[in-house]
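Q: can you look at this prediction? I've put the sequence above it.
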Amino acid sequence: MCAQEVRGTTGSKRRPNDLERWPVERELARGGGVVDHHEADALAAFVALDLVDELPQAPLIARPGANRNEHCEHLSMLDTPDLSVIVCSHNGARTIATALESLAVQTLGRERYELIVVDDGSSDGTSERAASLGARVVRLDPNGGLAAARNAGVSAARAEIVAFTDDDCEVSPDWAAEILAAFEDPALDGVSGQVIPEATNGFVRSFLRANNPLLPQPAELLASTALHYRLRLYARRTLLGGRELPDELYSVVGANMAFRRALIYELGGFDEAFRFGAEEEDLCRRAHARDGGARLRYVHSAKVVHWFRDDVGDIVRRSRAYGRGNARRVLKHSDSRLIVFPSPVLTLAMTAVAAITRSRKLAGVAAAAPLLLYPRWVAHVAKIRSAQPITYPYLQTAQEIAVMVGEIDGLRAGYQRVPSQHLSDAGSSASAVAPPGTAA
C-alpha cells in the first residue's frame, strides 16, 4: 500500500476564503520538490496563516521514503486547525470542484480548518484537480475502499475534530461552523447533519427527497434488536413516512458526519474490510459498545446537498451496495440482524404463486400490492396534487429488493477482518501527532 501526499501552492498571496486556481500542468513543468510528512504539514499551516507568498511556486509531494527526521524548526510555532475536513474520492474529478468550492466559502475563518482530499486510487486526475483547487491531497495506490480512505484522511488530519463529506456533495456556508459549535459539548463523541438529495432529473429528485436514503439512524434502534420491535419501526415508517429525527442518534451518515479524532483512534479506525457501505455504522456500533457508550447527535442545521446521478438504475445499484455492507456488519457482529423487508417479500411471494398457478386474479393483486403495502404514497398524491408518486411504491419495492440481494452477495463474499493499513500510529488525538524533531 502506498500513500502519497500532494500539495499545490500559488506564488501570490491568497485572499481569505478564495480558492487558489492554477494549472497543475504548468506548475509541474516548473519542477516539483519532495518533502517529508512534517514539512507538508508546515506548508499546510502556512496556507492557513495566509503566508502563501513565502512558498515556492511548485507542487510539493510527500511520499514514503522521504526523511521524516528533517523538520522545519518553526513548525511547533504554528497553530493547529480546529477542524479537519476530509473528502474521500475515487474517480471524482468531474464532481469534486463543486464540493471544494463550497468548502472554500465557509463562514468559519479559513485559518480554523484544513481541507484534505483522499484520492482512493483514481485514474481520472482527481488528485491534480483537487490540488489545483487548493486542497491537501493524500493519494492511495492501489484503491483501498472507502474505510481505508477515511483512515488515511484521519491519519493526515491535524485537528481534534475530523469531519467528512463526499466528492459529490455541496456543503452549506455555515456547515463547518455548525459542526464545531456542536462539539462545544465535551461529552459529545460525534455528529451527523442533514443530507438533502439533489438531481437534475425531476423524478429522481422528487423520489429521493420523499424517500431519503441518506438519513442518520435514530437512537431508538439501540432499544432492542428483537424482530417484533424492528418490524414495528418499519411499519410505522412505511405507513406514516419519515419523521423529524430526534437529537440523539444510533448511527451517522457518511456524507455528513464528524467525530473526535481520539475516538476513531480508540476504536482502531474504520474497519477496512468495509469497502463501501456500513463502515460508518460499524464504527458507531463499536462506539456504543464500549464502556460508557457513545453520544452521537443530529445537527439539523449542518446541511449538505448530495448530488445523485439522473438515473433510476443508480438508485437501485446503491441500494444493492448498501446491502453488501450490511451483510458484512451482520457477519462481524453476532447480535446484528439482516434487513428483511416484509412488503417486497410479500409482493414477490404473490407474484411467484400467481405464476405457478397461472391465476390472473392473483397476478392483478400482486401488481397492485405495492400501492396497498405503501399507502403513504397514495396519500402523497393528494398532498402534492400530482400523479407521479403513484410510481414511488414500485421504485421503493425495487430498492428494498436490491438491499436484500446485496445482502445475499455479501453473505456469499463473507467477512474477514483485515488489519488497518491506513491509520497511522501517530497518536490518539491531534495533540499526540509526532512533534517536530521526532520520528513519525
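A: Ah, there it is.
Q: what's the burial count for residue 363?
A: Per other C-beta atoms under 10 Å, the neighbour tally for residue 363 reads 16. (Each C-beta comes from the backbone N, C-alpha and C, glycine too.)
Q: ok, the nearest residue in space to residue 143 that is not next to it in sequence - contacts?
A: Of all residues not flanking residue 143 in the chain, residue 121 sits nearest, at 3.0 Å (C-beta to C-beta, 6 or more residues apart in numbering). Contacts for residue 121 (C-beta atoms under 8 Å, 6 or more residues apart in numbering) come out as 90, 140, 141, 142, 143, 144.
Q: now do residue 220
A: With C-beta under 8 Å, 6+ apart, residue 220 has these contacts: 233, 246, 250.
Q: which ones among those residues lie within helices?
A: Members of the contacts of residue 220 lying in helices (criterion: DSSP state H): residue 233.
Q: picking that back up, and the buried ones among the contacts of residue 121, selectable in ChimeraX?
A: Typed into ChimeraX, the next command selects the buried ones out of the contacts of residue 121 (criterion: 16 or more other C-beta atoms under 10 Å):
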select :90,140,143,144
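Q: quick one: contacts of stretch 336-353?
A: 225, 227, 230-231, 234, 238, 285, 323, 326-327, 329-330, 359, 362-363, 365-366, 369-370, 373-374, 397, 400-401, 403-404, 407.
Q: quick one: average pLDDT of that stretch?
A: Mean pLDDT, stretch 336-353: 91.
Q: now do that stretch: distance to the chain's middle.
A: 29 Å (C-alpha atoms, centre = their mean, to the nearest Å).
Q: please apply the same query to stretch 214-230.
A: Chain-centre distance of stretch 214-230: 21 Å, with C-alpha atoms, centre = their mean.
Q: how about stretch 136-156?
A: 13 Å.
Q: could you tell me the end-to-end distance of it?
A: Using C-alpha to C-alpha, to the nearest Å, the gap from the first to the last residue of stretch 136-156 comes to 9 Å.
Q: for that stretch, buried residues please.
A: Quick answer for stretch 136-156 (16+ other C-beta under 10 Å): 136-140, 143-156.
Q: ditto for stretch 406-420
A: 406, 407, 410, 411, 415, 420.
Q: just the buried ones from the contacts of residue 220?
A: residue 250.
Q: so which of the contacts of residue 220 comes closest to residue 131?
A: Proximity of the contacts of residue 220 to residue 131 (C-beta to C-beta) peaks at residue 250, which lies at 37.1 Å.
Q: that closest one contacts residue 295, correct?
A: No: with contact defined as C-beta atoms under 8 Å, residue 250 does not count as touching residue 295 (11.3 Å).
Q: can you pull out the strands in the stretch 101-250 of the chain?
A: Under the criterion DSSP state E, counting those that start in this stretch, the stretch 101-250 of the chain contains strands at 113-120, 136-141, 161-166, 169-171, 190-198, 217-218, 249-251.
Q: can I get these in JSON lines with distance to residue 86 and mean pLDDT?
A: Shown next, in JSON lines, are the strands of the stretch 101-250 of the chain (distance: least, C-beta to C-beta, whole Å; pLDDT from 0 to 100):
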{"stretch": "strand 113-120", "distance to residue 86": "5", "mean pLDDT": "96"}
{"stretch": "strand 136-141", "distance to residue 86": "9", "mean pLDDT": "92"}
{"stretch": "strand 161-166", "distance to residue 86": "5", "mean pLDDT": "97"}
{"stretch": "strand 169-171", "distance to residue 86": "12", "mean pLDDT": "97"}
{"stretch": "strand 190-198", "distance to residue 86": "14", "mean pLDDT": "96"}
{"stretch": "strand 217-218", "distance to residue 86": "21", "mean pLDDT": "86"}
{"stretch": "strand 249-251", "distance to residue 86": "18", "mean pLDDT": "92"}
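Q: for those strands, which one sits closest to residue 355?
A: strand 190-198 (34.9 Å).
Q: what helices or strands is the closest one leaning on?
A: Identification of packing neighbours for strand 190-198 by 3 or more C-beta pairs under 8 Å, 6 or more residues apart in numbering; DSSP states H and E yields helix 175-182, helix 202-210, strand 256-260, strand 296-307.
Q: if you set the cut-off to 7 Å instead, what comes out?
A: Strand 190-198 is packed against helix 202-210, strand 256-260, strand 296-307, with contacts defined by 3 or more C-beta pairs under 7 Å, 6 or more residues apart in numbering; DSSP states H and E.
Q: sounds good, over and out.
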